[in-house]
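Chemist: Sequence first, predicted model second:
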Amino acid sequence: MARALEEAQSIAIGTFEGSTAATAKKSLAVQFGQHSELGLVDQKSARFVISGTSVSGRITARLTERSGAVVFERTYGAPELDDNVAALADDVVMAITGLPGAAGSRIVFVSNVGGTKQVHVCKSDGSGLMRVTSSPNGAVSPAISPDGSLLAYTSYQTGFPVVMMVDLGGGMERQLASTPGANSGVAFAPEDRRAALTMSFLGNPEIFVVDLGTHNAICITESTGAPASPTWHPGGELLMFASDENGSGSQLYVVDVGSESAAELWPAGYRFVTDPEWSPDGEQIAYTAKLAGDWAVVVKPYSGGRARVLRRGGAQHPTWSPDGKSIAYVQSGQLWVHDLETDARRSIVRGMGEISEPRWMR
C-alpha cells in the first residue's frame with residue numbers, strides 16, 4: 001500500500017531551458033525534497049514530470065502525467081526567481097497530493113526593532129523580510145487574509161485601538177471598523193468575505209463577525225469577561241476565542257457563528273490558556289498555556305485527547321503552516337518554525353528586538 005502511494009505521487013524534474021533554468025531546477029529539487037508525500041525520482045520511474053523554461057527568473061512550467069496528459073501549464077512572473085520557484089512548487093504539491101504547499105506563503109509578526117511595535121512580513125524561511133506598517137503609536141495583532149492580499153492590524157493612531165486593513169498589492173489602507181470604543185484582534189474567515197474581531201461599542205468587549213463588503217457586524221458572544229484572539233475553524237462555521245469569563249484565568253471557548261447558541265468552554269487542560277489557532281484540517285488546536293509560571297506552546301486534538309507540549313521556556317503565539325506540518329512561534333526574541341513530525345525546529349528571524357504575534361498565511 002505504501003509503495004503504491006509512493007509511486008502515485010512520484011515526480012521527476014524534466015527538461016528546463018533558458019538563462020536561469022539550471023538554478024530553477026536545483027531550487028525545485030530542494031523544495032520537493034521538503035515534502036515527504038512526494039517521491040523525487042528519475043524521469044523513467046516518475047508518474048509526474050515537471051518541465052518548462054526559466055528566463056531571467058520568469059518560469060513557464062508544465063506538469064504532465066506519465067500518460068502524457070497535461071495536469072497544468074502556468075507562467076510565474078514575479079520579479080524574483082525564488083518567488084516563482086516557491087509558487088510553482090506549491091502548485092505541484094497541491095496538484096499531486098491535494099495538500100497546500102507552504103513554500104510561497106508569508107508570515108506576519110510584530111517587532112519593536114525600530115523603537116515602536118510595527119508589523120513585519122517575511123517568507124516561510126525568514127527571507128524577504130520587510131516592514132509593512134509605520135504607525136506612529138504602534139501596530140499590533142496582525143492577520144493576513146487566506147489569499148495573502150489583505151493585512152489587518154490593530155493601530156493606536158487615534159489614541160484608542162482601531163483595526164486597519166491594508167491592500168498588500170496596492171498599498172491602500174482603510175479602517176475596518178469605525179464604531180466607538182476599542183476594536184482589536186482580527187481573524188479572517190476562510191472564504192475571505194468575513195472577519196471576526198473584538199469590539200466594545202456596546203460596553204463590554206464582545207466578538208463580532210463583520211462582512212468585509214457591507215461592513216455589517218453581528219455580535220456572536222454575550223460575555224461578562226473580555227473575549228479576544230478569535231480563530232476560525234476551516235469550515236467557517238465555528239469560532240474559538242480566549243476569555244476570562246469565569247474569573248479564574250483565561251480559558252478557550254467555542255461558538256457556532258450561524259446559530260444563537262451560547263459559547264461553550266473547550267477543555268484545554270490548563271488553568272491559563274490563550275492565543276488559540278485551529279489547524280488547517282480543523283482537527284487540532286495550538287495555543288499558549290502557562291505551565292509552572294512560564295509560557296509554553298501546546299497542541300491538542302479538538303475532539304479530545306492528550307495535549308502535547310511542543311515547547312516550554314517562554315514559547316508563545318503559535319501559528320500553523322498552510323500544510324499543517326509545522327508551527328511557528330516566538331521564543332527568546334526569535335521567530336521559530338517547528339516541524340511536528342521530526343520535532344526539529346529552526347530560527348528564521350532574529351536580531352529584531354522583541355518579536356510577538358506571528359500569523360501564517362493560509
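Modeler: Received it, and whenever you're ready, just let me know what you need.
Chemist: Please name the residues that touch the nearest residue to Gln43 once chain neighbours are set aside.
Modeler: Of all residues not flanking Gln43 in the chain, Ala12 sits nearest, at 4.1 Å (CB to CB, 6 or more residues apart in numbering). Just so you know, the C-beta spots here come from the backbone N, C-alpha and C atoms, and that holds for glycine as well. Contacts for Ala12 (CB atoms under 8 Å, 6 or more residues apart in numbering) come out as 40-43, 45-46, 48-50.
Chemist: what does Thr20 give?
Modeler: 54-57, 81.
Chemist: What's the PyMOL syntax to select whichever of the residues you listed are buried?
Modeler: Only the buried entries of the contacts of Thr20 go into this PyMOL selection, using 16 or more other CB atoms under 10 Å:
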select buried, resi 54+57+81
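Chemist: Next, give me the two most distant ones among the contacts of Thr20.
Modeler: The distance between the two most remote of the contacts of Thr20 (CB to CB) is 10.2 Å, for Val55 and Leu81.
Chemist: Quick check: bridge partners of the residue nearest to Gln43?
Modeler: Val49 (DSSP bridges).
Chemist: Relative to Tyr153, how far out is it?
Modeler: Separation of Ala12 from Tyr153 (CB to CB, to the nearest Å): 43 Å.
Chemist: number of nearby residues for the closest residue to Arg193 other than its chain neighbours?
Modeler: Distances taken as CB to CB, 6+ apart place Leu212 nearest to Arg193, at 5.8 Å, with adjacent residues excluded. Neighbours of Leu212 under the rule other CB atoms under 10 Å: 17.
Chemist: Does Leu212 touch Ala196 like I think?
Modeler: No. The pair Leu212 and Ala196 fails to qualify as a contact (CB atoms under 8 Å) at a distance of 11.2 Å.
Chemist: Quick one: mean pLDDT over stretch 275-284.
Modeler: For stretch 275-284, the mean pLDDT works out to 96.
Chemist: Could I get the full set of helices for the stretch 51-200 of the chain?
Modeler: With helices called from DSSP state H, counting those that start in this stretch, the stretch 51-200 of the chain shows them at 81-97.
Chemist: Poorly predicted segments of it, please.
Modeler: 158, 169, 177-181 (pLDDT under 70).
Chemist: Using the record's domain definitions, break this structure down for me.
Modeler: 2-97, 106-360 (automatic domain parsing).
Chemist: any idea how far Ala292 lies from Thr274?
Modeler: Using CB to CB, we find Ala292 at a distance of 16 Å from Thr274.
Chemist: One more: Ala263?
Modeler: Distance of Ala263 to Thr274, computed by CB to CB: 15 Å.
Chemist: Let me see the contact set for Val140.
Modeler: Contacts of Val140 were listed using CB under 8 Å, 6+ apart, and they are 110, 117, 119, 153-154, 356-357.
Chemist: mind running it again at 6 Å?
Modeler: 110, 117, 154 (CB atoms under 6 Å, 6 or more residues apart in numbering).
Chemist: now those in CSV, with distance to Trp232 and neighbour count?
Modeler: Shown next, in CSV, are those (distance: CB to CB, whole Å; neighbours: other CB atoms under 10 Å):
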residue, distance to Trp232, neighbour count
Val110, 21, 26
Lys117, 25, 23
Thr154, 18, 27
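Chemist: Averaged pLDDT, stretch 296-313. What do you get?
Modeler: Rounded mean pLDDT across stretch 296-313 is 96.
Chemist: So for it, what gets flagged as buried?
Modeler: Under the neighbour-count criterion of 16+ other CB under 10 Å, stretch 296-313 has 296-300, 302, 307, 310-311 buried.
Chemist: What is the nearest of the residues you listed to Ala139?
Modeler: Val297 (23.7 Å).
Chemist: Show me the beta-bridge partners of the closest one.
Modeler: Using DSSP bridges, the bridge partners assigned to Val297 are Thr288, Arg311.
Chemist: My guess is it contacts Arg312. True?
Modeler: No. Val297 lies out of contact with Arg312 (CB atoms under 6 Å); the separation is 8.3 Å.
Chemist: For stretch 263-277, which outside residues touch it?
Modeler: So stretch 263-277 is contacted by 221, 229, 231, 240, 242, 249-250, 252-255, 285-290, 307, 317, 319-320 (CB under 6 Å, 6+ apart).
Chemist: In strands, which of those residues appear?
Modeler: 229, 231, 240, 242, 252-255, 285-290, 317, 319-320 (DSSP state E).
Chemist: in this protein, what residue sits furthest out from the centroid?
Modeler: Distance to the chain centre peaks in the chain at Lys44, reaching 37.0 Å (criterion: CA atoms, centre = their mean).
Chemist: Torsion angles phi and psi at it?
Modeler: The phi/psi pair for Lys44 (degrees, to the nearest 10) reads phi -70, psi -30.
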